[in-house]
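Asker: next comes the sequence, and after it the predicted model I'd like to discuss.
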Amino acid sequence: MAARLNGKLRLGLFERMLLIRRFEEMNIEIWPRHSYMGRQHLYIGHEAIAAAVGLATKRGDICNTTHRNHGYVLARGVDPGKALAEILGREGGTNGGRGGPWHISDKAHGFLTTSAQLGGGLALGVGAGFGLKGKRGKRVSVVHFGDGTMPEGLVYESFNMASVLALPVLFVCENNAIPERGGLLAVKHWDDVPRALSIHCEPPVDGNDAGAVYAVVDKALARIRRTGKPVFIQPNVKAWPGSHKAVPEYTTGVTDLAMAWDAKRAKGPNADWNRTDPVLRMARVLLRAKQATRGDIEAVDAKIGRRLKAALAYAEASPFPKPRSALRGVYA
Amino acid sequence: MPKKTYAAAFVDGINRAMMRDPDIRLIGTGFGGRFEGTLHRNYPSRIVDPPTSEGAMAALGTGAALTGMPTMVHFGTSAFMLEAWNQICHEAAVSHYMTSGDIDVPVTFHGFHGVRVGGAPQHSTSPQAMAANMPGLQVVLPSSPHDAKGLIMSALKSRNPTVFLNHTKLMGIEGEVPTRAYELPFGKLDIKRRGRDVTIVATSWMVQVSLQAAALLAEDGISAEVVDPRTAVPLDMKGIVRSVRKTGRLVCVDETPEMCSIASEVAAGVVQHGFGALKAPIERVCRAPTPTPFSPPLERFTVPQPETIADAARKTVGRGRRRGRRPRRTSA
């Protein structure tokens, strides 16, 4: 899909994507001195999707994410300092340190809770759709999940529920089809399932193309607000080689933006990845369409760098919660 | 005797059991780290790597067991067992009884339980007390490499459904493990350290923590006996009461929250069957009644530590010696 988007929109997407990328790179960089962070599920490679949803959704829409939740919250405007403080288990984190890296939640930005159980967020998102149905403002519940979630039984129950009850839910199946996990589901196409349950499905899009993802998300959201019924979309993403490392490891190196205008810089074992990298790709689109100059792109990067430096300073300065406070707040 | 890690001993036990009984099938992989390769080499056609569908996995193992095929189903983190709770508790657990003994259910459900550091609320579950509350299930909680091997061999021979829980923190510890095949009986406790002044009953990882507590107590001249029931169901109450008759004092340690915990069951049993032997009120040291927080200081606060166990033991001993009073009747 060659979506023609205006420069402002494209820059908005690029800025969100680069913010996510640099944030995740920072997570890798600081891991050795905060190794208690444990297993990190990073969003590298999926940036186009969170950025598109972040830009296309409205305030008031609700989001349920996957366990790779850092990207979504940043794309919808959660403060990176508070997000990082949460990842580090600090008092100043979005959840006061209780959730950690997989459960960043921020009610003000539509993240009511973040489940790290396969299918958990998807089902809760259908519930959120029920909560929003018929309310003023035609709000939508957006649900992100991966292809790996599709074999969970809860997925079928939830698809069916959303369809039967006609709930305003956008299902975003982020298919990163990690090859070694083949044989997950005996269907030819993921959307065979929601289609069989009478959910409207948009054709799959290239999930590394932020413009294409934005166009399909925008179209799907409009349809949901108009009809009140669920829609299924499927951005196909090329899995980032570091996706399945227990300990974050920047297998593809720190992103060198100059690769966007100097193809020769992309070489070695990661050249393939660098060519399809959604962040670099958006930079190339901006340059080609003359909607941004190298200088503009570097300025965006520098601005993000300053923002993240401040975020890191905030997070690391934030104290750990008092141990005894663990006992508080089990019940409302 | 050769030394082995817990993970190696556990896999060794499964290997021996599969060698002995060619009918055994494994459903799910990733329970034995790098040691698991042996099984994949020896029995490639007897191991299934299923899609992530916990309910169907549990039913696959249970359904096959109903036909007479012994199975082990591995869920990864035992938190995911709860997605199959209905199959475990209402299918596997009840079938033998419901058919007046016509049918046996030789299935073993395995998962990693416990606070593993950084697991946060959704990956730190210890479901042993919940499982113990479902008549029909055996609940096995090994605490050492030696026990892991002998108990898994018994579980895979047993004709009854067994919930077998390994603590994540145990997997790397080393201990002496015989090379030969051996089984350890269910319902027979093991005294992990002999003592005179106070009995500490603990299971799984908490045995190791209690042994550390016993070492602290020894520095104060308090001789603690660390008793490991090894199986919560069946529970060796006679053996526990025997130890309490010797020491007169009891500390129950458990990584499940106190309400309806294994610790509470042990305490109640001792009050019922060994009340006259008690020289001091029973102490329970359990996980705090909260979801497990991510932040390290909070997490640490919510689980029993060597110092908290030692403090509880000192309290029982101090009271007994200082006041020399009979225990208050409300103490348990």
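Answerer: Yep, it's here.
Asker: what sits up against the helix or strand containing B:Ile240?
Answerer: Assessed by DSSP states H and E, B:Ile240 sits inside helix B:237-247. Residues outside helix B:237-247 that contact it (Cβ atoms under 8 Å, 6 or more residues apart in numbering or on different chains): B:188-189, B:191, B:195-199, B:201, B:225, B:227, B:229, B:250, B:266, B:269-270, B:273-274, B:277-278. The way it works is simple: take the backbone N, C-alpha and C, and place the C-beta from them, glycine included.
Asker: from those, which ones fall inside strands?
Answerer: Counting by DSSP state E, the contacts of helix B:237-247 place B:Ile191, B:Val198, B:Thr199, B:Val201, B:Glu225, B:Val227, B:Leu250 in strands.
Asker: number of residues surrounding the fifth one?
Answerer: A total of 22 residues lie near B:Glu225 under the criterion other Cβ atoms under 10 Å in any protein chain shown.
Asker: need the contact list for the residue in the stretch 151-300 of chain B that chain A sits nearest to.
Answerer: For the stretch 151-300 of chain B and chain A, the shortest gap (Cβ to the nearest Cβ) falls at B:Phe294, measuring 2.8 Å. By Cβ under 8 Å, 6+ apart, B:Phe294 lies in contact with A:Gly89, A:Gly97, A:Arg98, A:Gly99, A:Gly100, A:Pro101, A:His103, B:Gly118, B:Gly119, B:Ala120, B:Pro121.
Asker: is it true that the third one touches B:Thr290?
Answerer: No - the pair A:Arg98 and B:Thr290 fails to qualify as a contact (Cβ atoms under 8 Å) at a distance of 9.1 Å.
Asker: so those two - more neighbours on which side?
Answerer: A:Arg98 (25 against 17).
Asker: with adjacent residues omitted, what lies nearest to that one?
Answerer: Once flanking residues are discounted, A:Arg98 sits nearest to B:Pro293: 4.2 Å by Cβ to Cβ, 6 or more residues apart in numbering or on different chains.
Asker: would you map the helices across chain A?
Answerer: Along chain A, the segments classed as helices by DSSP state H run A:7-30, A:47-56, A:70-75, A:80-87, A:120-132, A:153-164, A:192-196, A:210-227, A:271-276, A:278-288, A:294-317.
Asker: same list (these) but as TSV, adding mean pLDDT, distance to chain B and mean neighbour count.
Answerer: Converted to TSV, the helices of chain A look like this (pLDDT from 0 to 100; distance: least, Cβ to the nearest Cβ, whole Å; neighbours: other Cβ atoms under 10 Å in any protein chain shown):
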stretch	mean pLDDT	distance to chain B	mean neighbour count
helix A:7-30	96	14	21
helix A:47-56	98	21	28
helix A:70-75	97	14	28
helix A:80-87	98	8	26
helix A:120-132	97	8	23
helix A:153-164	97	5	19
helix A:192-196	95	13	17
helix A:210-227	98	25	20
helix A:271-276	88	26	16
helix A:278-288	96	26	22
helix A:294-317	98	13	15
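Asker: output stretch B:62-74 as PDB - backbone C-alpha positions only.
Answerer: Included here for stretch B:62-74 are C-alpha records, laid out as PDB according to Å, rounded to 0.1, in the frame of the first residue of the first chain:
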ATOM      1  CA  THR B  62      -5.000 -36.100  30.700                       C
ATOM      2  CA  GLY B  63      -6.900 -37.700  27.800                       C
ATOM      3  CA  ALA B  64      -3.900 -39.800  26.900                       C
ATOM      4  CA  ALA B  65      -3.400 -40.800  30.500                       C
ATOM      5  CA  LEU B  66      -7.000 -42.000  30.600                       C
ATOM      6  CA  THR B  67      -6.200 -44.400  27.800                       C
ATOM      7  CA  GLY B  68      -3.300 -45.700  29.900                       C
ATOM      8  CA  MET B  69      -0.400 -43.700  28.500                       C
ATOM      9  CA  PRO B  70       1.600 -42.000  31.200                       C
ATOM     10  CA  THR B  71       2.300 -38.300  30.300                       C
ATOM     11  CA  MET B  72       4.100 -35.300  31.600                       C
ATOM     12  CA  VAL B  73       2.800 -31.900  30.700                       C
ATOM     13  CA  HIS B  74       5.200 -29.000  31.100                       C
END
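Asker: which parts of that stretch are buried?
Answerer: Neighbour-count burial for stretch B:62-74, counted by 16 or more other Cβ atoms under 10 Å in any protein chain shown, picks out B:Thr62, B:Gly63, B:Ala64, B:Ala65, B:Leu66, B:Pro70, B:Thr71, B:Met72, B:Val73, B:His74.
Asker: what is the nearest of the residues you listed to A:Leu9?
Answerer: B:His74 (47.2 Å; Cβ to Cβ).
Asker: tell me the contacts of the nearest residue to the closest one once chain neighbours are set aside?
Answerer: Excluding its sequence neighbours, the residue lying closest to B:His74 (Cβ to Cβ, 6+ apart) is B:Gly28, at 3.4 Å. Shown in contact with B:Gly28 (Cβ under 8 Å, 6+ apart): B:Val48, B:Asp49, B:Pro50, B:Met57, B:Val73, B:His74, B:Phe75, B:Gly76, B:His110.
Asker: distance check, B:Gly28 against B:Leu235.
Answerer: Here B:Gly28 is placed at a distance of 28 Å from B:Leu235 (Cβ to Cβ, to the nearest Å).
Asker: quick one: contacts for the closest residue to chain A within the stretch 51-200 of chain B?
Answerer: The nearest approach of the stretch 51-200 of chain B to chain A comes at B:Gly118, 3.0 Å away (Cβ to the nearest Cβ). With contact set as Cβ under 8 Å, 6+ apart, B:Gly118 has these partners: A:Tyr36, A:Met37, A:Gly38, A:Arg39, A:Gly100, A:Pro101, B:Phe294, B:Pro296, B:Glu299.
Asker: ramachandran coordinates for the closest residue to the last one other than its chain neighbours?
Answerer: Of all residues beyond its chain neighbours, the one nearest B:Glu299 is B:Pro293 (5.7 Å), with distances taken as Cβ to Cβ, 6+ apart. Its backbone dihedrals place B:Pro293 at phi -80, psi 160, with angles given as degrees, to the nearest 10.
Asker: from B:His74, how far out is B:Pro293?
Answerer: Distance from B:Pro293 to B:His74, by Cβ to Cβ: 27 Å.
Asker: ok, now B:Leu165?
Answerer: B:Leu165 sits 12 Å away from B:His74, going by Cβ to Cβ.
Asker: what is in contact with these two at once?
Answerer: B:His110, B:Gly111.
Asker: now do B:Arg20: how many residues are near it, please.
Answerer: 12.
Asker: over to B:Glu307?
Answerer: Taking other Cβ under 10 Å as the definition, B:Glu307 ends up with a neighbour count of 11.
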